[in-house]
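Asks: Give the three-dimensional model of this entry:
(one chain, ligands or ions: 2)
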Amino acid sequence: MKPPRHSSGQAAVFLDRDGTMIEDVGYLDSLTQIAFYPWTVDAIRMLNHAGLPVVVITNQAGIARGKFDEAFVGETHRALDVHLAAGGARVDAYYYCPHHPEGIVPSYTRRCDCRKPGHAMIDRAAHDLGLDPARSFMVGDKWLDVQAGRGAGTRTVLVRTGLGATEEGQRPVGVTADAVVDNLSAAVGWILRKHKT
Ligand SMILES: [Mg+2]
Ligand SMILES: [Zn+2]
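Replies: Ligands and ions are numbered 1, 2, ... in the order given. Predicted structure coming up:
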């Protein structure tokens, strides 16, 4: 299904989680592994103050792979919210894909269109929250984040944190980001300049 391009929804920022907001530790399966980048809270608070909804879009194949369950992902997101709130920042919604084609938990083992580089999570968030992808941005540390954003019709930013510095040198043919910057702080600076104009 193609996302509507005539939406009158508002601009928003879709954020990858691991490697973009917090360090990518592989399969994060314990709350003690949560490590915010030092600039993340300030960067998200700036988006909040600019009136841009912040929506996390994350692949959590660890669920299909039996490494943790959906309840743990919910717990992780509540822990992120507590840390953000302490710094006056807020994520408006979280969307995750629990699937993987090679999982071990049958109910989650399948091809799906929500797993990035698919864009069904962004489409769903836009529909649920009244957002306009064409006025929005997707930020992530992998080309699959950029592809998901492109597929949904957002502008895209690749950050060099997480796997980004490596990914930058391995750009798939035909995939380009609107900007490649050092981290989420720089991404938010770029977004706020574009959003104004
Ligand atoms: Mg990532
Ligand atoms: Zn999925």
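
Asks: Every contact and neighbour count from this point should use C-alpha atoms.
Replies: Noted.

Asks: would you list every one of the helices in this protein?
Replies: 40-49, 70-86, 120-129, 143-152, 164-168, 184-196 (DSSP state H).

Asks: so can I have a markdown table of those showing distance to ligand 2, mean pLDDT and mean neighbour count?
Replies: As requested, the helices of the chain are arranged in a markdown table below (distance: least, Cα to the ion, whole Å; pLDDT from 0 to 100; neighbours: other Cα atoms under 10 Å):
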| stretch | distance to ligand 2 | mean pLDDT | mean neighbour count |
| --- | --- | --- | --- |
| helix 40-49 | 26 | 98 | 19 |
| helix 70-86 | 13 | 98 | 15 |
| helix 120-129 | 8 | 98 | 19 |
| helix 143-152 | 12 | 98 | 24 |
| helix 164-168 | 22 | 97 | 18 |
| helix 184-196 | 25 | 96 | 17 |
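
Asks: would a markdown table of these with distance to ligand 1 be doable?
Replies: Formatted as a markdown table, the helices of the chain follow (distance: least, Cα to the ion, whole Å):
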| stretch | distance to ligand 1 |
| --- | --- |
| helix 40-49 | 14 |
| helix 70-86 | 15 |
| helix 120-129 | 15 |
| helix 143-152 | 8 |
| helix 164-168 | 8 |
| helix 184-196 | 12 |
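
Asks: quick one: which of those helices is nearest Cys112?
Replies: helix 120-129 (8.9 Å; Cα to Cα).

Asks: May I have the distance across stretch 59-66, first residue to last?
Replies: End-to-end distance of stretch 59-66: 14 Å, with Cα to Cα, to the nearest Å as the criterion.

Asks: any residues touching it, and which ones?
Replies: With Cα atoms under 8 Å, 6 or more residues apart in numbering as the contact definition, stretch 59-66 has outside contacts at 27, 68-70, 96-100, 102-109, 115-116.

Asks: cutoff 6 Å now
Replies: Contacts to stretch 59-66, defined as Cα atoms under 6 Å, 6 or more residues apart in numbering, come from residues Asp69, Tyr96, Cys97, Pro98, His99, His100, Gly103, Ile104, Val105, Tyr108, Thr109, Arg115.

Asks: Please apply the same query to stretch 184-197.
Replies: Counting by Cα under 6 Å, 6+ apart, Ala43 sit against stretch 184-197.

Asks: now it, how far from the centre of its chain.
Replies: Remark: stretch 184-197 is offset 16 Å from the chain centroid, using Cα atoms, centre = their mean, to the nearest Å.

Asks: when you give positions from now on, start the count at 4
Replies: Fine by me, first position is 4 from now on; the one you just mentioned is stretch 187-200.

Asks: send the alpha carbons of that stretch over as CSV?
Replies: Taking Å, rounded to 0.1, in the frame of the first residue of the first chain, the C-alpha atoms of stretch 187-200 are listed here in CSV:
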residue,chain,number,x,y,z
LEU,A,187,21.7,13.1,16.5
SER,A,188,22.6,16.6,17.8
ALA,A,189,23.8,17.6,14.3
ALA,A,190,20.8,15.8,12.7
VAL,A,191,18.4,17.9,14.8
GLY,A,192,20.3,21.1,13.9
TRP,A,193,19.9,20.2,10.2
ILE,A,194,16.2,19.3,10.6
LEU,A,195,15.3,22.5,12.4
ARG,A,196,16.9,24.5,9.7
LYS,A,197,15.1,22.6,7.0
HIS,A,198,11.8,22.6,8.9
LYS,A,199,11.8,26.4,9.1
THR,A,200,12.4,26.9,5.4
